[in-house]
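Enquirer: fold the following.
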Amino acid sequence: MKALIALILLVQLPIHKAVPAAPPAPLGCDDPESEAAAEFSVNYINGHSHHGYKFTLNRIKNIRIIPQGLNNYILLLELHLLETMCHVLSPTPLENCTVRSFVQHAVEGDCDIKLQKLNGKFSVLASKCHSHADSSEDVLQVCPVCPLLTSLNNTEVLTAVATALNDHNSKTPDAYLRLLEIGRANIQYEPAHVVFVEFAVAATNCSAEDAKVSVEACQLLPEDQSNFGFCTATMVKRPSQDLRVGCQLYGHQPGVTYSHPGHDTSAGLSPSVVQGFINHNLRLSHNNPFASESSSSEFPASAFSAKSVAKRAVADVAQHDKVPHPVGFLPPPPPCPGKIRHFKI
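Expert: The predicted structure is shown next:
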C-alpha cells in the first residue's frame, strides 16, 4: 500500500523538461530587424572608411539569419549603397547628407556584411565592399552635356586643385591649408570647357602670412588639434577663364583621423591610392573575405543568392495558398531584394 501511494505521488510531481530555444524566424529584406541591421552596418562602413565619401543605403539585396544559440545569431547581409556629398571626414550626420544624383555621375557601392546579434546588440564581424561609378553611357543617355567623372590624377584636375587651393590660401589670413586628397573631379567640354573638383584639406600650424615666409615649415596640426575641411572649385577654361573656390573647416573632431597614403601632401596632389581611378574604392577600407558565407565551406554560396531566396519565398507563398489559413496567419516575409530608397543604378 505504501508503495502504491509513493508511486501516485511520484506521478503527480511536475516534470521539468528543457525546451530548446526556437530558432529566429526568417527575415525579409524590408523587415524592421533587417533595416536596423543595415543601418548599423552602413554606419560601421562609413566610420571605418579612410578615403572618399560617406555612403547611404539604397537597397537591402539579401539577408540570411544563422542561429548560434540562445539570444545569439549571425546575420549575413548584401547591401547596395550610393555615394553622398559628405566626405568621410565631415561631421554632418548621414541622414543630413545629400545623395549624389544620377546625372552627377553617381557612384554605387556593394557590400557583404557579417553581423552578430548577441543579447540584442549588433557587432560587425567582417565587411567586404567594392564601389564604382556608373557607366558614362548611362549618364550621357539621360544628360548628353553633363560633365563626367575623370581620373583623379588627370593633369587638368591637378592644375585646378593646385590653383584653387593657392587662391584660397592667398585670400584667407587664417590657417594655411594643405591638401589631403582629391575626392572627385568632373570635366565638361561643351558648351563650355569647365573643370569641377572637390578635395579634402587640413589646417597647418601656419597662417597664410607665415606660409609666405617659409611654406616648407608649415606642418599639419597634431592629432589632438587636427582640423579637417573640404573645398569645392569650378575652373572655367573656355570661352573665358574664371575660378570659383569655396572651403570650409570643420573644427577639431576628437577621435577623427585621416589615414595618409604615404606621400608628402604638400607636394603630392595625387594620392597613390587613387592614381588612374575616377573614384575612391570602398575596397581599400573594407576587404575582409569572411564577410560573406561563400568564403566558408560551412555555408554554400548558392544558399545566399538573391535568386534562390526569391524562388523559395514564391514557393512558400504558393504552398500556403493551397491550405486554409488560421485566424492571425502571417504570410512569409517578402522575397529579396528589398525596396529601392533612392534610384536604380
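
Enquirer: give the contact list for the closest residue to Pro239 other than its chain neighbours.
Expert: Closest residue in space to Pro239, ignoring its immediate chain neighbours: Ala192 at 6.3 Å, by CB to CB, 6 or more residues apart in numbering. C-betas here are computed from N, CA, C, even on glycine. By CB atoms under 8 Å, 6 or more residues apart in numbering, the contact set of Ala192 is 236, 238-239.

Enquirer: repeat that with 10 Å
Expert: With contact set as CB atoms under 10 Å, 6 or more residues apart in numbering, Ala192 has these partners: 145, 236-240, 242.

Enquirer: who wins on neighbours among the residues you listed?
Expert: Among these, Lys237 has the most neighbours (other CB atoms under 10 Å), with 17 neighbours.

Enquirer: can you tell me the element that one falls in?
Expert: Assigned by DSSP states H and E, Lys237 falls within strand 228-238.

Enquirer: in that strand, what counts as buried?
Expert: Residues of strand 228-238 classed as buried: 228-235, 237 (neighbour count, 16 or more other CB atoms under 10 Å).

Enquirer: which of those sits closest to Arg341?
Expert: Phe230 (24.9 Å; CB to CB).

Enquirer: quick revisit: return the set of buried residues in the helix or strand just after the strand holding Lys237.
Expert: As assigned by DSSP H and E, the chain's next helix or strand after strand 228-238 is strand 242-249. Across strand 242-249, burial judged by 16+ other CB under 10 Å covers 245, 247, 249.

Enquirer: do stretch 139-156 as well
Expert: 139, 146-154, 156.

Enquirer: could you pull out the strands for the stretch 1-150 of the chain?
Expert: 53-69, 72-87, 107-118, 121-133, 148-149 (DSSP state E, counting those that start in this stretch).

Enquirer: among these, which comes closest to Leu177?
Expert: Using CB to CB, the strands of the stretch 1-150 of the chain put strand 72-87 closest to Leu177, at 14.3 Å.

Enquirer: for the closest one, buried residues please.
Expert: Quick answer for strand 72-87 (16+ other CB under 10 Å): 73-87.

Enquirer: mean confidence for it?
Expert: Strand 72-87 carries an average pLDDT of 96.

Enquirer: what angle separates it from strand 121-133?
Expert: 40 degrees (axes from the mean of the first three to the mean of the last three CA atoms, to 10 degrees).

Enquirer: list phi and psi for Lys344.
Expert: Note on Lys344: backbone dihedrals following degrees, to the nearest 10 are phi -80, psi 140.

Enquirer: that one - how many residues pack around it?
Expert: 8.

Enquirer: show me what contacts Ala36?
Expert: Counted by CB under 10 Å, 6+ apart, Ala36 has contacts 117, 122.

Enquirer: for it, give its distance to Ser49.
Expert: Counting by CB to CB, to the nearest Å, the gap from Ala36 to Ser49 is 21 Å.

Enquirer: next one: Arg283
Expert: 11 Å.

Enquirer: now do the shared contacts for these two.
Expert: If you check Arg283 and Ser49 against CB under 10 Å, 6+ apart, the residues they both contact are 109, 129, 131.

Enquirer: how about a markdown table for the residues you listed, with neighbour count and distance to Val197 added?
Expert: Below are the shared contacts of Arg283 and Ser49 laid out as a markdown table (neighbours: other CB atoms under 10 Å; distance: CB to CB, whole Å):
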| residue | neighbour count | distance to Val197 |
| --- | --- | --- |
| Gly109 | 27 | 22 |
| Cys129 | 23 | 25 |
| Ser131 | 23 | 19 |
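
Enquirer: ok, back up a step: would you reformat the buried residues of strand 228-238 as JSON lines and include distance to Lys212?
Expert: Formatted as JSON lines, the buried residues of strand 228-238 follow (distance: CB to CB, whole Å):
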{"residue": "Phe228", "distance to Lys212": "23"}
{"residue": "Gly229", "distance to Lys212": "20"}
{"residue": "Phe230", "distance to Lys212": "24"}
{"residue": "Cys231", "distance to Lys212": "20"}
{"residue": "Thr232", "distance to Lys212": "25"}
{"residue": "Ala233", "distance to Lys212": "21"}
{"residue": "Thr234", "distance to Lys212": "26"}
{"residue": "Met235", "distance to Lys212": "23"}
{"residue": "Lys237", "distance to Lys212": "28"}
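
Enquirer: format these as TSV; extra columns: distance to Cys218 and pLDDT.
Expert: Putting the buried residues of strand 228-238 into TSV (distance: CB to CB, whole Å; pLDDT from 0 to 100) gives the following:
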residue	distance to Cys218	pLDDT
Phe228	16	97
Gly229	15	97
Phe230	19	98
Cys231	17	97
Thr232	23	97
Ala233	21	97
Thr234	26	97
Met235	24	96
Lys237	29	93
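
Enquirer: and of these, the nearest to Leu125?
Expert: Phe228 (29.6 Å).
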